[in-house]
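S.K.: I need the structure of the sequence given here:
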Amino acid sequence: MRTIVNIPEQQLTDLAEISRQEHISRAEAVRRAVAQYLRAWKVAGSADDAFGLWKDRKVNGLKYEDRVRREWQRP
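M.R.: Modelled structure (predicted):
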């Protein structure tokens with residue numbers, strides 16, 4: 001897909017430098033940046049998936065936490 005994006009001059013300068021160092025085109029650098037952003041976004045969103053996993057368990061959260069921490073105490 002082709003698109004038009006307004007990018008600040010300093011970011012274009014930085015992008016050109018990265019592209020030069022990596023021996024890739026600016027378009028490839030932008031594709032990689034978008035891919036990296038999307039991966040990071042998906043990982044950050046997966047934390048929300050864990051919310052409420054224990055809601056149906058009949059466990060006191062503080063007691064469970066104390067028990068787990070005691071497992072790591074030195075004798």
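S.K.: For the rest of this, base every contact and every neighbour count on C-alpha atoms.
M.R.: OK.
S.K.: middle-most residue in the protein, spatially?
M.R.: residue 40 (2.7 Å; C-alpha atoms, centre = their mean).
S.K.: Which residues does the longest helix along the chain contact?
M.R.: Using DSSP state H to define each element, the chain has its longest helix at helix 26-50. For helix 26-50, contacts defined as C-alpha atoms under 8 Å, 6 or more residues apart in numbering pick out 15, 16, 18, 19.
S.K.: Can you name the next helix or strand after that helix?
M.R.: The first helix or strand that comes after helix 26-50 along the chain, using DSSP states H and E, is helix 61-71.
S.K.: Identify each buried residue in that next one, please.
M.R.: For helix 61-71, a neighbour-count test (16 or more other C-alpha atoms under 10 Å) marks nothing as buried.
S.K.: now that helix, how far from the centre of its chain.
M.R.: 29 Å (C-alpha atoms, centre = their mean, to the nearest Å).
S.K.: same check, this time on stretch 33-51
M.R.: That offset, for stretch 33-51, works out to 5 Å (C-alpha atoms, centre = their mean).
S.K.: Dump the C-alpha coordinates for it into CSV.
M.R.: C-alpha atoms of stretch 33-51 as CSV (Å, rounded to 0.1, in the frame of the first residue of the first chain):
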residue,chain,number,x,y,z
ALA,A,33,9.3,0.5,12.3
VAL,A,34,5.6,-0.1,11.8
ALA,A,35,6.1,-3.9,12.2
GLN,A,36,8.0,-3.3,15.4
TYR,A,37,5.4,-0.9,16.8
LEU,A,38,2.6,-3.4,16.0
ARG,A,39,4.4,-6.2,17.7
ALA,A,40,4.9,-4.1,20.8
TRP,A,41,1.3,-2.9,20.8
LYS,A,42,0.1,-6.5,20.6
VAL,A,43,2.3,-7.6,23.5
ALA,A,44,1.1,-4.6,25.6
GLY,A,45,-2.5,-5.5,24.9
SER,A,46,-2.0,-9.1,26.0
ALA,A,47,-1.6,-7.9,29.6
ASP,A,48,-5.3,-7.0,29.5
ASP,A,49,-6.1,-10.6,28.5
ALA,A,50,-4.7,-11.8,31.9
PHE,A,51,-7.0,-9.4,33.9
